[in-house]
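> Here's my sequence, what's the structure:
(one chain, ligands or ions: 1)
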Amino acid sequence: MKFFIDTANLDEIREAYDLGVLDGVTTNPSLMAKEGITGEENILKHYKDICDIVDDNVSAEVIATDYANMIVEGERLAAIDDKIVVKIPMIKDGVKAIKYLTGKGIRTNCTLIFSAGQALLAAKAGASYVSPFIGRLDDVSTDGLELIEQIVHIFQTYGYGTEVLAASIRHTMHLIKCAEIGADVATCPLKVITGLLNHPLTDIGLEKFLADYAKGNK
Ligand code: E4P
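Residues are numbered from 1 along each chain as shown. Predicted coordinates:
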């Protein structure tokens with residue numbers, strides 16, 4: 001399973017990368033705004049800065065919502081670095097843009113997926129990744145993990161090469177369940193990735209080992 005970090009914060013990206021378990025980064029316009037990154041030039045530079053930290057898989061989202069501008073923007077984003085994956089929203093023109101960009105050899109991540117039908121459309125258009133938002137589904141009393149399971153099953157049945165990228169992950173149990181279900185990727189805030197480290201018995205056990213060592217090595 002690949003781990004992506006869902007942030008535009010360079011320090012957090014560095015921290016996750018330094019842990020040695022990071023396979024990529026997802027951003028979105030809200031995450032960029034949270035870091036105060038505005039204006040096209042600054043946004044493109046920020047994507048480049050992210051690419052310089054990680055090995056691959058940096059999702060950069062288009063702002064345009066019509067086909068013509070989406071493909072221009074998608075090609076501009078892809079030209080930043082070979083590590084860029086162009087993030088396209090699940091709308092009609094988005095599906096067409098995915099088809100076009102895939103034909104040009106540009107990887108795409110279809111975002112804002114909330115149903116299996118949307119995921120199927122994106123896969124048929126050739127998306128490299130689909131991003132079902134599980135936390136946002138849970139927020140409206142719909143089981144986000146069930147959607148991941150459904151999409152994984154459909155893609156496996158037909159052998160689609162599109163990877164299921166579980167997004168909008170809120171806590172470690174989401175991540176662990178996604179791993180059980182067979183999601184190809186999980187994109188999470190840093191606290192979810194580092195949250196996997198925690199177990200009180202580990203802390204108690206380590207404290208005891210060190211205390212016993214100290215007793216015998218005075
Ligand atoms: C995915 O790529 C999105 O950036 C993200 O996971 C959305 O998460 P949120 O629902 O916490 O905003």
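
> what phi and what psi does the backbone show at F133?
phi -100, psi 100 (degrees, to the nearest 10).

> And the residue nearest to the spatial centre of the chain, how far from F3?
For the chain, T187 is the residue whose C-alpha lies nearest the centre (C-alpha atoms, centre = their mean; 3.5 Å). Remark: distance between T187 and F3 (C-beta to C-beta, to the nearest Å) = 8 Å. (C-beta placed from N, C-alpha, C; glycine too.)

> Around the ligand, which positions in this structure sit nearby?
6, 26, 28, 111, 131, 133, 135-136, 167-168, 187 (C-beta under 6 Å from any ligand atom).

> again, only using 5 Å
With C-beta under 5 Å from any ligand atom as the criterion, the chain meets the ligand at residues 6, 26, 28, 131, 135-136, 167-168.

> next helix or strand past whichever strand or helix holds L137?
Counting by DSSP states H and E, the element that carries L137 is helix 134-139. Counting by DSSP H and E, the next helix or strand C-terminal to helix 134-139 is helix 144-158.

> Residues contacting that next one, please?
Helix 144-158 is contacted from outside by 113-116, 119-120, 123, 130, 132-138, 160, 162, 164, 166, 168, 174, 177-178, 181-183, using C-beta atoms under 8 Å, 6 or more residues apart in numbering.

> Show me which of those residues are buried.
Buried members of the contacts of helix 144-158, scored by 16 or more other C-beta atoms under 10 Å, are 113-114, 116, 119-120, 123, 130, 132-134, 137, 160, 162, 164, 166, 168, 174, 177-178, 181, 183.

> Select from those residues every entry located in strands.
Among the buried ones among the contacts of helix 144-158, DSSP state E puts 113, 130, 132, 164, 166 in strands.

> How far does stretch 109-118 sit from its chain's centre?
13 Å (C-alpha atoms, centre = their mean, to the nearest Å).

> Can you get me the start-to-end distance on it?
With C-alpha to C-alpha, to the nearest Å applied, stretch 109-118 spans 13 Å between its terminal residues.

> pLDDT on it, on average?
The predicted model assigns stretch 109-118 a mean pLDDT of 98.

> Then stretch 165-181?
For stretch 165-181, the per-residue pLDDT averages 98.

> Can you list the neighbours in contact with that stretch?
With contacts defined as C-beta under 8 Å, 6+ apart, stretch 165-181 is touched by 1, 4, 6, 26, 109, 111, 129-138, 144-145, 148-149, 152, 183-189, 192-193, 195-196.

> next one: stretch 61-80
Contacts for stretch 61-80 (C-beta under 8 Å, 6+ apart): 27-29, 44, 47-48, 51, 60, 84, 86-89, 91, 93-94, 96-97, 100-101, 104, 106-108, 111.

> other SSEs contacting the longest helix seen in the chain?
In the chain, with assignment by DSSP state H, the single longest helix is helix 200-216. Packing partners of helix 200-216 (3 or more C-beta pairs under 8 Å, 6 or more residues apart in numbering; DSSP states H and E): none among the helices and strands.

> still on that earlier bit, show residues contacting the helix holding L137.
Here helix 134-139 has contacts from 114, 143-145, 147-148, 166-170, 174, 178, using C-beta under 8 Å, 6+ apart.

> chain center to stretch 66-77: distance?
21 Å.

> From the ones in strands among the buried ones among the contacts of helix 144-158, pick the one nearest the ligand.
Nearest to the ligand among these is A166, at 8.6 Å by C-beta to the nearest ligand atom.
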